[in-house]
Structure formats: structure tokens, C-alpha cells
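Asker: Sequence plus the predicted model coming up.
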Amino acid sequence: MATESVLAIIGGRKRHAKKRSEQIDLQLKQWRRDQNGDLRILVLGPSRSGKSTLIKQMEISYEGISDADRERYKPVILGGIVESMRSIITAGSESLDHDDLRPHAQTVLNSPEQAHLDTVCPETRAAIELLWADERVQHYFGQYRQENGSSYTSMDYFFGNLARITSSDYSPTDQDILHTHVETLGIRETTLNIRPALRVRVSEVGTHHRGEGLFKGIHYFDDARTILIMVPLSSYFELGTDKAQPNRLDEARRTLTSLVESKWFEGEEKRIVLVFNEVDKFKEMLPRHPLADFFPDYEGGEGYKEACQFIAGTFTQRTERRLDVYYCCATDVASMEPISQMVIDSTIPTFRMGSG
Ligand SMILES: Nc1nc2c(ncn2[C@@H]2O[C@H](COP(=O)(O)OP(=O)(O)O)[C@@H](O)[C@H]2O)c(=O)[nH]1
Ligand SMILES: [Mg+2]
């Protein structure tokens, strides 16, 4: 009896939820007709700040990655492994010049261009495996990573998964795909089907030229309701490397300033969200490269949260406009799912529901 009544309540709730959902779909349809299109989220930020990764997370969360797309990442991943090892060998040509390593290094250097291949030949694969397992290569890679700060990307992830990735039946996992980097040329648009009556277009727009605030055609995206600026936290390290080059934190700040000043993105209904990315790299780098070495006015402690908030402050203090702030690691599925959902949910207009 008790079970029956509980089921009846659940049934009633389900009917109510279905009706509510249909009502929302109707309102969304009307809203889309009024707006003449889909909802748009604009993703801005410097190169390699994690824009594509965040969008892939949204795809994983809402649609899943199709088998056809998965296959398309395979040559990118396999080619990336060979190219990364090639660049370590080239950069370390002096430190890694040992009789026993030389033949393996030569095999990798001589291997064909992998950019469009679906497999890594067994000799190259064996040579990469041997090199990666060697502690001198590991030691050199550790130094290379430290010296290059944020510019090492996901090399250690892919090398750490070498056996699986180079196996004959390999198919890229979500995690593998999140670790790839393909330079987005121009504008990349991804459509997410959130509900039958609701599509969200997510447009990735790079700055095109380093140092540029917003690219000139930005007004084509003035229908965006949410504008995300990705900020790569680990690039605080670039502040010390080449002072003549605009660094990516400055670049992201300029994007924010131009956005706030732009007449195309005025209005309360347009939300600007700052996404401070690469918390994982940032945490790892801070003990070796204290923030105060790069920001002399930083008086906070060594904890990464305080350091994150300090960097965020250098953005938020520049404007009166309301800014939403997230801290994240874009390659981490578990922590990104709620962020993707919050971003999408807050982009959807809220409708007042009828009583019936
Ligand atoms: N460790 C780490 N790597 C990240 C993070 N976000 C992105 N990446 C990696 O950084 C590289 C560049 O990211 P991508 O999204 O392509 O940057 P975009 O140029 O702004 O689109 C990729 O290899 C990503 O896997 C992060 O939070 N932590
Ligand atoms: Mg990209």
C-alpha cells in the first residue's frame, strides 16, 4: 500500500515534470522565433588557454563524442607522440647524446611525418618506449618542462599511456581527446542540442594576433548571451621569461577590457564569465616559482587558492561590471561537468511558469 502511494506520487511528479518540460519547450520555441535563432556562448581567450578543451567538455556532458569524431583524433594523438619525442630529442641533443640512446633517437628522427597516419610503425614505437623508459630522458624531460613552464602541454599524459595508445585496436578515450591540442584556425563553432527545442551554439574565437584585445569581426557574435574568457593561470610564469613579448595574462586582461568597453556586449542580460584555467599546473608550479617573484605586490601565502584569487583580482578590479568567476582544470571531466552545466543553464533564459 505504502509502495503504491509512493509510486502514485512519483507518477504524479513525473506527469507534472513532463508537462513542465513541454511548457518550457514551447516557450523556448517561441523565444527562438523571437530571437531569430539559437542561443550563443562565445569563448574567448589567448592561444592554448583551454578554449577548445572546455568546449569538448560541454560536448561530452551534453552529447558525447561520436565514434567518427573519435577516429579523427587518432592521427592527431599518434602524430603528436612522435613529434613530441622528436622535439625532446632535438632540444636535448647535447644532454641526451649517449651511445646507447643514439640509435633510438635516430629512429625517431628518421621516422616519417606522422601527421596523417593512423598507426606508429613498430620500430618507432619501440624506440619511443625505450627512450621514455630511460631515466636520463626522464630527467631531461623534467628540466625541459620546468624551463618551458606552461608551454609543455599534455606530453607526459600521452607518454604515460604509450602502450595503450600505440596498440593496434586503439580508439581515443574522452580523456585522450581532452589532452589533444589542435590550433583552432579562425572560428570554431560547435552546436549542442540541449533539449528538443533548444540548441546552443558555442563559438570559439582566438585573438588572431597576439596583443590584440578583440578581433575585428567580433560584432558578428553580438547575439551571445554568455561570453567566457579563458585565462591560463600557469602563464604567470611567462611574465619572467620574455618581458618584450605580450604574455597571455596581459592578453586575457586586454580582452576583458575591450569586451567591457565594447558597445556590442553591453547590457545586463549579457554575462561575462572569467574562467581561470589550469589550476593543476598552477598548483604544481607555485612551490618552484613563487607568485611574489612575478607580482612584487603579492603579499599572500603560498596556498594556491590565495594565489588564484590574487590573479583573479588583477582582472576583476578593472571594472565595475558584474563578472562571474570560475577556477578549473579543463581536462578534468569530474570537476568540469558542473561548470559546463552552470554555464549552459545560466545562458538559457528563465521563463515564469504558468500555474497549470
Ligand atoms: N594540464 C592541463 N592542461 C590543459 C588544461 N586545459 C587545457 N589543457 C591542455 O592545453 C592544451 C591547449 O588547450 P586547448 O583547449 O586546445 O587551447 P585553445 O588554444 O585555447 O583552444 C591542450 O593540450 C589541453 O589538453 C588544464 O586545465 N590543465
Ligand atoms: Mg582551440
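Answerer: Yep, that arrived. Numbers count the residues shown, from 1 in each chain. Ligands and ions are numbered 1, 2, ... in the order given.
Asker: mind listing the helices for this structure?
Answerer: Using DSSP state H, the helices of the chain run over residues 2-35, 51-62, 67-91, 102-110, 122-133, 135-148, 155-160, 162-165, 174-178, 238-241, 248-261, 279-285, 304-316, 333-347.
Asker: Ok, which of those helices comes nearest ligand 2?
Answerer: helix 51-62 (3.3 Å; Cβ to the ion). Placement of C-beta: from N, CA and C, glycine included.
Asker: Would you mark the buried spots in that closest one?
Answerer: 51-61 (16 or more other Cβ atoms under 10 Å).
Asker: for it, packing partners?
Answerer: strand 39-44, helix 174-178, strand 187-195, strand 198-205, strand 226-232, strand 271-277, helix 333-347 (3 or more Cβ pairs under 8 Å, 6 or more residues apart in numbering; DSSP states H and E).
Asker: can you rerun that using 7 Å?
Answerer: Here helix 51-62 touches strand 39-44, helix 174-178, strand 187-195, strand 198-205, helix 333-347, going by 3 or more Cβ pairs under 7 Å, 6 or more residues apart in numbering; DSSP states H and E.
Asker: Would you convert those into a markdown table that also reports mean neighbour count, distance to ligand 1 and mean pLDDT?
Answerer: Converted to a markdown table, these look like this (neighbours: other Cβ atoms under 10 Å; distance: least, Cβ to the nearest ligand atom, whole Å; pLDDT from 0 to 100):
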| stretch | mean neighbour count | distance to ligand 1 | mean pLDDT |
| --- | --- | --- | --- |
| strand 39-44 | 25 | 8 | 93 |
| helix 174-178 | 19 | 6 | 96 |
| strand 187-195 | 15 | 8 | 87 |
| strand 198-205 | 21 | 6 | 89 |
| helix 333-347 | 16 | 9 | 91 |
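Asker: Please tabulate these in CSV and include distance to Trp132 as additional columns.
Answerer: Formatted as CSV, those follow (distance: least, Cβ to Cβ, whole Å):
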stretch, distance to Trp132
strand 39-44, 34
helix 174-178, 17
strand 187-195, 32
strand 198-205, 32
helix 333-347, 25
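Asker: Turn the buried residues of helix 51-62 into TSV, including distance to ligand 2 and pLDDT.
Answerer: Output for these, formatted as TSV (distance: Cβ to the ion, whole Å; pLDDT from 0 to 100):
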residue	distance to ligand 2	pLDDT
Lys51	5	95
Ser52	3	95
Thr53	8	96
Leu54	9	97
Ile55	8	96
Lys56	10	96
Gln57	13	96
Met58	13	95
Glu59	13	94
Ile60	16	93
Ser61	18	91
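Asker: Which of the helices of the chain has the highest mean neighbour count?
Answerer: The highest mean neighbour count among the helices of the chain, using mean count of other Cβ atoms under 10 Å, belongs to helix 51-62: a mean of 22.
Asker: send the alpha carbons of it over as PDB?
Answerer: Extracted C-alpha coordinates of helix 51-62, given in PDB (Å, rounded to 0.1, in the frame of the first residue of the first chain):
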ATOM      1  CA  LYS A  51      39.000  27.100 -25.000                       C
ATOM      2  CA  SER A  52      38.700  24.000 -27.200                       C
ATOM      3  CA  THR A  53      39.100  21.800 -24.100                       C
ATOM      4  CA  LEU A  54      36.200  23.500 -22.300                       C
ATOM      5  CA  ILE A  55      34.000  23.100 -25.400                       C
ATOM      6  CA  LYS A  56      34.900  19.400 -25.700                       C
ATOM      7  CA  GLN A  57      33.800  19.100 -22.000                       C
ATOM      8  CA  MET A  58      30.400  20.600 -22.900                       C
ATOM      9  CA  GLU A  59      30.100  18.200 -25.800                       C
ATOM     10  CA  ILE A  60      31.000  15.200 -23.500                       C
ATOM     11  CA  SER A  61      28.500  16.400 -21.000                       C
ATOM     12  CA  TYR A  62      25.600  17.000 -23.300                       C
END
